Structures are given as structure tokens and as C-alpha cells.
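> Predicted model, plus sequence, below.
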Amino acid sequence: MIASSRLTTTTLPPYTTLTPKPPRFRFFSSPLPLKCRKPLTTITSVLKIADSLNLSSPAAPDLNSLLNLKRTILVSEKLGDAGLDLLRSFANVDCCYNLSPEDLCSKISSCDALIVRSGTKVNRQVFEAAKGRLKVVGRAGVGIDNVDLQAATEFGCLVVNAPTANTIAAAEHGIALLAAMARNIAQADASMKAGKWQRNKYVGVSMVGKTLAIMGFGKVGSEVARRAKGLGMHVVAHDPYAPADRARAIGVELVSFDQAVSTADFISLHMPLTPATSKVFNDATFAKMKKGVRIINVARGGVIDEDALLRALDSGIVAQAALDVFCEEPPKDSKLVLHENVTATPHLGASTKEAQEGVAVEIAEAVVGALQGELSATAVNAPMVPPEVLSELAPYVTLAEKLGRLAVQLVSGGSGIQSVKVVYRSGRDPDDLDTRLLRAMIIKGIIEPISDTIINLVNADFIAKQKGLVISEERVFANSGGPVDSIQVRIGHVKSKFQSAVSENEEISVEGKVKYGKPHLSRVGGFEVDVSLEGNLILCRQVDQPGMIGKVGGILGEKNVNVSFMSVGRNVRRKKAIMAIGVDEEPDKDTLDKIGHVPAIEEFVFLNL
Ligand SMILES: NC(=O)C1=CN([C@@H]2O[C@H](COP(=O)(O)OP(=O)(O)OC[C@H]3O[C@@H](n4cnc5c(N)ncnc54)[C@H](O)[C@@H]3O)[C@@H](O)[C@H]2O)C=CC1
Ligand SMILES: O=C(O)C(=O)COP(=O)(O)O
């Protein structure tokens, strides 16, 4: 050990956070132009690796791909043709719009993926009804407030969205609503259609020189800001997570919530609907606003308390509101929509031809990629791992799972596993080695053999936590050619059925390396070994004396069990040794008994890898 740095102790970092990922593991935030994207027909070996590792297919034994059967994708809301064509080239596509919640639940168990927009509620019942078949939910748009992410994660279902293709459409709709509201376009149009000519009634307000407060300075918010600057408005923004330099670059000042709402002539909402933003525009907030303020909401209806807005409109605090989104869609209570100072559109922010084609292709690619095992760039509830990183980590991913499987089989029955320590020896800078994938596979290896839960990248941390398993990770610096020199898995506070696997620290300890691209076991307890982690493994502790390999090899040979690898590790000559024997077939009980009865063999265990 040269240096050691603790990565995590008792807490598992969440897969998705608001904090940026280290650059090496980040995808480009905007999609590549279509012609630059990889053709879906050319499935890279990386995707196959991931697929075979079942990284994103929690429940499927992947018979579909083995038998070359097509998957089924349910599309529950209108999707652009280019996206549908792409999906059809890969899967059976069932377009069923306006499904009732009951119909959705009854259909979902025969679907591998579901594609929705904002109108489909993908709640816990949907995941329960899927009975483990649903592997991916694709949200053809940005907001994922209609998908129960917690339930998706618990059921090991990946959720992906299409976060960029409708940004401009939403921003343009925001500006369109702002201008239409300021100049009473909708009301004047309706009045003319009713045969009237009311020039004095529909005198508007000017936008130039007015202060616009952008609430939520993300993709849409900043595009609205850019356009509003072009209209000569003074733009401020409130966003606790937005970088000040991005705002500065557009000439926008980032201000506090109170400052934004109290100084603005126009307020445009662009934050996501979360527990923190739910009904954040309420009576108390409206009371802080300038009398005669104008509000635009192209984000989510739920960020406004609609009853409070109605009161604010009636009292004149809010002069006008332009609403594209509502708490309930379509809104049942039409008081707001019918209010003469309200301009309303039926959630049209993303509805341009261009945006819908873009979103459809973006989500189709993400869903097809995910079904093929690709780790998505737009995953909402799983780590985003670019293909080149996955390709590099692939053999270590296999090693991690095998070590987990091996370690758990060394635990003697009845002793509950509570703490697992993983030590990575690596020459990489900690920021340059994303261990989430490896950790997930170790968890998979540990939990799957002892439970009926299927583990994948989406639910690994969640299931570990649920089972009370505390995973701690440590990085030890070591010069190595690849990303990882070795991985050690230690299980503490348990008894072992193979005492020699217990290290000085009273932990079951196994260590492995990747050699020639294949996972190898390099250490068991305090003994060094060198055996390929493929097929099955027999571990024997014996007196170190001549003829042992021959004896055990002979017993296996008699029963036609093929030995693929054999390695002996010992600490002191002629004392104790560990023999690790890789076998292609599983020896029957008789054969194992015979090995156990070889006089110099003190203990042995058969492990299924
Ligand atoms: N009406 C429509 O058809 C469309 C609506 N949208 C909605 O617009 C919203 C914004 O979308 P994007 O800009 O693409 O998302 P984004 O994720 O790029 O931006 C959201 C911003 O809100 C900020 N934010 C989070 N909590 C906040 C808080 N408490 N106060 C202030 N800011 C907060 C975030 O830091 C982020 O910068 C989403 O709710 C999305 O669903 C997006 C596209 C179309
Ligand atoms: O992308 C978003 O967040 C939207 O609100 C767009 O919703 P839609 O796909 O048009 O139902």
C-alpha cells in the first residue's frame, strides 16, 4: 500500500445529483447532430458487453436477444414519425394513445419499454403491474414529474428523458405568451371574432425597459432571458444552482427569490416541479410582488397555488397571467382559464414540429440504446457512463461481480452480512475512476445468490441500503496499466465456511485482477493464488506436500470433470497451502465428498461463479 484515500464510508452517493459529474464521465449536454450519431444498426461490442452484464435489463433473462426476438415498446402519447421509425427498426411498437390508468397497467406487463410525454402518469402501480418486464421508461421531453422515480429505481427500471430537443420551443412559447399577454392578442382576437372592434379596451403594456424575473435559470430560462434581452428588457434571474458566470455571459443578474419577485414587472417561471418548488407561488409570494405584475408559466402548473393566483388576479396584484401548464391537465376547474386577464394554452410549450421530431429521435435513441444495454447519457435514475468508459471498465465489471459472488458464498449460512468493504488499487486519479459501476456489480454479486432480487445498475444501491448492507469503498494508489490494478472485497463480522478465506482482520477477503482481459482470483484470505474466475471453483486448504494436485485432479478426472485452471498458494513451504481449482462442470456430491476425504485436505469449498 502506497497511499490510501477513503472514498465512501457508510453512505452511498446517489446516482443522480444536481452536482456535476467528473468531466471524464460526462456526456455532452447537447445531442450530436443527427448525422453524427452512431447508427443503431451498428451495435458496438460495448453495448453487447453491457447487455450481457444485464446492466440495464433487470428482469429479462435476455432470451429475447438470444432468440433474436423483437422487444415491445409501448408509446402512450403522440411521438414524431422519425422517432417511431427508429423504434420500429428495432422493436414491435405499440402506439396506444389515451389509455386509462387501468388499461396502461394491464398492457404494461407485456412491454419492455414505455415512452410517454407529460400526459401519462407512470406511478408505482404501473411498475408493480409490469411484473419486472418493464426495463426502460422514456420521457419524450424534459419534466419527469409524471414518473415515480423512486418506484422506478426500486423496480430496477431505468428512466431516461430527452432534455434538450424542446428547449427552444419552450423558450419561444414563453416569449410568445409574454408578448401576447402584454398586447392582449388572444382577448382582442376573440373580441374581433365576436364581431367587435374594441381599440380602447385592449391597450397593452410595453416590454422594453421593463424588468423580467426568470425563475429557474436552466436551459429554457436562459434561452428566454436571451430573447427578452433582445426585446430590450432588463432581465434578472433567480436560481440557487445556476452558475453566476453563465448568467453574466448573457447579461443577467442572479438575485435572491425575494428580490426577483419584488422588483419584477414580468415573472417567467422555468423551474422543475419538485417538493421544494411545489406551490412556491402562493399568497405569501404574491403579497411580495409589485402591484400589476404579469406572470408567465411554461414550466409546471404545480409550482403555482392556483387558488392564490386567482385571488391575486382578482385583487389586481397580478394584472395578467399567461399559462401553458396547470396543476391538473386538462384543468377541471376552469375559473383561471376563463378569467379575462388570463391567456391560456393547452401545454403547448414543446409542441413545434421541429421540437417534436427532435424529441422523438432523442428519446427513441435513448430507449433503444438502453434496451441494448447502453448506459444512457440522459439517465435520470442511474449513472451516466459513456461507452468508451464502459468499454474500458468491462473486464473489471465482470471481475467485480465474480468477486462479490465468490465472497458471499464463503459466508457460512445464518450469519447476516452487514458490512462490505471494497478496496480498489488503482493508479488513476480518484476523479478519473468512477467506481459506481463496479460497486453496483459487487452488490449484484453479493445479493443475487442469496435472494430472489434481481440487481442492476439502477437499483443496486437502493437494494443494498434496503437490506441493511453498508458498503464502504477505499482507494489505494498503485501503479497499474489499466484503470484498476486489483479489487478486494471484504465481508466483515461474519463466520466463514472456509476459514482460510478469513484475513487477519477477521474479514472474509478475496481479491482479483484482470489478466489478459479476463477476471482472475489473485488472493484468498492471506493466500496468493492465480486462477481464472470462470465456470466453477473448488478451494481446498491442505498440508503443503507433493502429490496433492495429482490426487484431486485424479478424482475429478475419474468423474469426467474438466479442470480449466489450477493454482496453489502458500505462505510457508511444507506448511499450509490453498489449492484453487477451476472446473468447467459442477462435480456431483460424491466427487466432492471424495475430495473432502483426501487426508491432507483440511477444508474445502465448492463455489459457483
Ligand atoms: N410547457 C412545456 O411544454 C415545457 C415545459 N418545460 C418545463 O420547463 C422547466 C425547465 O426546463 P429546462 O430548462 O429544460 O430544465 P433545466 O433543468 O435545464 O432548468 C431548470 C432550472 O431550474 C433550477 N431550479 C431548481 N430548483 C429551483 C428553485 N427552487 N428555484 C429556482 N430555480 C430552481 C435548476 O437549477 C435549473 O437551472 C421544467 O419544469 C420543464 O418540465 C420544458 C419544456 C417544455
Ligand atoms: O418537456 C417537458 O417538460 C414538457 O412539458 C413537454 O411536455 P409534452 O411532451 O409536450 O407533454
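Now that the structure is in, tell me what you want to look at. Predicted model only: the values in this text are computed from it and were never measured. Ligands and ions are numbered 1, 2, ... in the order given.
> ok, and the closest non-adjacent residue to whichever residue of the stretch 351-500 of the chain sits closest to ligand 2?
In the stretch 351-500 of the chain, the residue that lies nearest ligand 2 is S351 (5.7 Å; CB to the nearest ligand atom). In this view, the C-beta of every residue, glycine as well, is placed from N, C-alpha and C. Spatial nearest neighbour of S351, chain neighbours left out: A169 (7.0 Å); criterion: CB to CB, 6 or more residues apart in numbering.
> what about that neighbour, how many neighbours?
A169 is flanked by 24 other residues according to other CB atoms under 10 Å.
> and what of G492?
17.
> doesn't E507 make contact with it?
Yes: with contact defined as CB atoms under 8 Å, G492 counts as touching E507 (4.6 Å).
> For those two, list the residues in contact with both.
K421 (CB atoms under 8 Å, 6 or more residues apart in numbering).
> that older thread, which strand or helix spans the residue nearest to S351?
Remark: A169 resides in helix 167-182, with elements defined by DSSP states H and E.
> touching ligand 2 at all, that helix?
No: shown here: helix 167-182 not in contact with ligand 2 (CB under 6 Å from any ligand atom), separated by at least 6.9 Å.
> Stretch 70-78 now?
No: shown here: stretch 70-78 not in contact with ligand 2 (CB under 6 Å from any ligand atom), separated by at least 6.7 Å.
> again, but for stretch 140-148
Yes: contact of stretch 140-148 with ligand 2 (CB under 6 Å from any ligand atom) involves 140-143.
> Report the contact partners of V205.
Counted by CB under 8 Å, 6+ apart, V205 has contacts 182, 294.
> same thing but 10 Å
Applying CB atoms under 10 Å, 6 or more residues apart in numbering, we find V205 in contact with 181-184, 265-266, 292, 294, 319-320.
> secondary structure class for it?
The local conformation at V205, judged by DSSP: H, G, I helix; E, B strand; the rest coil, is coil.
> cool, and V458?
Here V458 is recorded as coil under three-state DSSP.
> Now it: phi and psi?
Backbone torsions for V458, taken as degrees, to the nearest 10, come to phi -70, psi -50.
> so it makes contact with F155?
Yes: in this structure, V458 is within contact of F155 by CB atoms under 10 Å, at 8.5 Å.
> Give me the more crowded residue out of the two.
Neighbours per residue (other CB under 10 Å) separate V458 from F155, with V458 holding more: 27 against 23.
> roughly how far apart are that one and E401?
Per CB to CB, to the nearest Å, V458 is found 16 Å from E401.
> can you check C540 too?
Distance from C540 to E401, by CB to CB: 24 Å.
> now do G316
Distance, G316 to E401, using CB to CB: 65 Å.
> Mind naming the longest helix for this protein?
For the chain, the longest helix by residue count, based on DSSP state H, is helix 387-409.
> Mind giving me the packing neighbours of it?
Here helix 387-409 touches helix 45-52, strand 419-426, helix 436-447, strand 486-492, strand 507-515, strand 518-524, strand 536-543, strand 601-608, going by 3 or more CB pairs under 10 Å, 6 or more residues apart in numbering; DSSP states H and E.
> As TSV, those with distance to G204 and mean pLDDT would be great.
Output for the helices and strands packed on helix 387-409, formatted as TSV (distance: least, CB to CB, whole Å; pLDDT from 0 to 100):
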stretch	distance to G204	mean pLDDT
helix 45-52	55	40
strand 419-426	64	95
helix 436-447	53	92
strand 486-492	67	96
strand 507-515	69	95
strand 518-524	70	93
strand 536-543	79	88
strand 601-608	76	90
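> beta partners of C95?
With beta bridges defined as DSSP bridges, C95 has these partners: V75.
> Kindly report the same for I508.
Beta bridges link I508 to I491, V502 when assigned by DSSP bridges.
> neighbours of it, just the number please.
30.
> do the same with A91
Neighbours of A91 using other CB under 10 Å come to 21.
> Can you verify my assumption that it contacts K70?
Yes: contact criterion CB under 10 Å: A91 and K70 qualify, at 5.2 Å.
> what sits against the residue of the stretch 201-350 of the chain found nearest ligand 2?
At 3.6 Å from ligand 2, A350 is the closest residue in the stretch 201-350 of the chain, using CB to the nearest ligand atom. Shown in contact with A350 (CB under 10 Å, 6+ apart): 117-118, 140-143, 162, 165-170, 173, 220, 298, 324, 356, 358-359.
> For the residue most central in space within the chain, which three-state class applies?
By CA atoms, centre = their mean, the chain has its centre lying nearest to A382, at 1.9 Å. When classified by three-state DSSP, A382 comes out as coil.
> That one and S222: what is the separation?
27 Å.
> G316 and E401: which is more packed in?
E401 (25 against 10).
> Okay, helices next: where are they in the stretch 101-250 of the chain?
101-108, 124-129, 149-154, 167-182, 185-193, 219-230, 244-250 (DSSP state H, counting those that start in this stretch).
> Dump these to CSV, plus mean pLDDT and distance to P346.
Formatted as CSV, those follow (pLDDT from 0 to 100; distance: least, CB to CB, whole Å):
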stretch, mean pLDDT, distance to P346
helix 101-108, 97, 21
helix 124-129, 98, 24
helix 149-154, 92, 26
helix 167-182, 98, 12
helix 185-193, 98, 13
helix 219-230, 97, 18
helix 244-250, 91, 30
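> Which stretch among those helices approaches D590 most closely?
helix 149-154 (43.4 Å; CB to CB).
> From the rest of the structure, what touches the closest one?
Here helix 149-154 has contacts from 14-16, 122-128, 134, 136-137, 144, 148, 157-159, 380-382, 458-463, 466, using CB under 10 Å, 6+ apart.
> What does whichever residue of the chain sits closest to ligand 2 show for phi and psi?
Proximity of the chain to ligand 2 (CB to the nearest ligand atom) peaks at G141, 2.6 Å away. G141 adopts backbone torsions of phi 160, psi -160, taken as degrees, to the nearest 10.
> residue contacts, it?
So G141 contacts 77, 116-118, 161-163, 165-166, 169-170, 349-350, 355-356, 359, 362-363 (CB under 10 Å, 6+ apart).
> Point me to the residue of the stretch 201-350 of the chain nearest ligand 1.
Counting by CB to the nearest ligand atom, the stretch 201-350 of the chain gets nearest ligand 1 through G218, at 1.7 Å.
> Could you check the pLDDT of that residue?
We have a pLDDT of 94 for G218.
> Give me the phi and psi angles of it.
phi -100, psi -140.
> Spatially nearest residue to it, not counting backbone neighbours?
Using CB to CB, 6+ apart and skipping the chain neighbours, the partner closest in space to G218 is H270 (6.4 Å).
> Likewise for V203?
Closest residue to V203 apart from its sequence neighbours, by CB to CB, 6+ apart: N184 at 7.9 Å.
> That neighbour: neighbour count?
N184: 21 neighbours (other CB under 10 Å).
> Going forward, count from 297.
Taking 297 as the first residue, the last one we looked at is N480.
> List the contacts of it.
Neighbouring residues of N480 by CB under 10 Å, 6+ apart: 486-487, 494, 497-501, 616, 636-637, 639.
> where does the stretch 747-896 of the chain have low pLDDT?
Counting by pLDDT under 70, the stretch 747-896 of the chain shows low-confidence ranges at 867-870.
> For ligand 1, give me its nearest residue in it.
Counting by CB to the nearest ligand atom, the stretch 747-896 of the chain gets nearest ligand 1 through V754, at 20.8 Å.
> and the protein, which residues reach ligand 2?
413-415, 436-439, 462, 643, 645-647.
> and whichever strand or helix holds E658, anywhere near ligand 1?
Assessed by DSSP H and E, E658 sits inside helix 649-667. No: applying CB under 6 Å from any ligand atom, one finds helix 649-667 separated from ligand 1 by no less than 8.1 Å.
> Who are the contact partners of E398?
Per CB under 10 Å, 6+ apart, neighbours of E398: 421, 425.
> Fine by me, thanks again.
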